[in-house]
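S.K.: let's see this in three dimensions:
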Amino acid sequence: MEKQESDYNMIDWWKKAVFHNYANFSGRARRSEYWYFVLFNIILFIPVFILSMIVGENGNDSFTEIGLIIIGLGFIGLIIPWLAVVVRRLHDLNRSGWYYFIRLIPVVGPILLLVWLCTDGNPYPNNYGADPKNPGIPEFDFDNKE
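M.R.: Sure, this is the predicted structure:
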């Protein structure tokens, strides 16, 4: 029996982003999926980094190198799902995934992207699919001239 998204916890959202939608750049991602993915990665990598630095200060440089290699491999392994969840998050706002590159504009770009990532998604079906929060909302076709 599969869990409903309303019952997901942080680990479930992370597993959805990494295992179920590893390189899925189509569709939409809720704010919960994006922010729990980010939070889990922070919780995962910061302690490894701090521990490797503390042990490295005590003279065990090989442990520091191993810790940094683990962090580097983790970032390499998670870059595709991270990009995919960002693109799907932008799709939830009815924006193209190419808007991600707005972050390259100094100062204004990252702030604007952060605001978009924090904004609630479009509550109706849009160009990228149905609303992931409420998938049962009907789609209105105003172009139909019957």
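
S.K.: give me the number of residues near residue 6?
M.R.: Residue 6 has 7 neighbouring residues, counting by other CB atoms under 10 Å. Bear in mind the C-beta positions are built from the backbone N, C-alpha and C, glycine included.

S.K.: what separates it from residue 34, distance-wise?
M.R.: 17 Å (CB to CB, to the nearest Å).

S.K.: okay, now the unreliable bits of the chain?
M.R.: Filtered on pLDDT under 70, the chain yields the residue ranges 1, 137-146.

S.K.: one more time with 90
M.R.: Flagging of the chain using pLDDT under 90 yields the residue ranges 1-22, 24, 27, 30, 44-45, 47-72, 74, 121-127, 129-146.

S.K.: just give me the longest helix of it.
M.R.: helix 61-92 (DSSP state H).

S.K.: can you pull the buried residues of that helix?
M.R.: For helix 61-92, burial by neighbour count (16 or more other CB atoms under 10 Å) applies to 63-64, 67, 71, 78, 81-82, 84-92.

S.K.: now do stretch 36-48
M.R.: 36-38, 40-41.

S.K.: now, which of the residues you listed sits nearest residue 112?
M.R.: residue 38 (17.4 Å; CB to CB).

S.K.: figure out the helix or strand that the closest one lives in.
M.R.: Assigned by DSSP states H and E, residue 38 belongs to helix 31-57.

S.K.: what's that helix packed up against?
M.R.: Applying 3 or more CB pairs under 8 Å, 6 or more residues apart in numbering; DSSP states H and E, we find helix 31-57 packed against helix 10-15, helix 61-92, helix 108-118.
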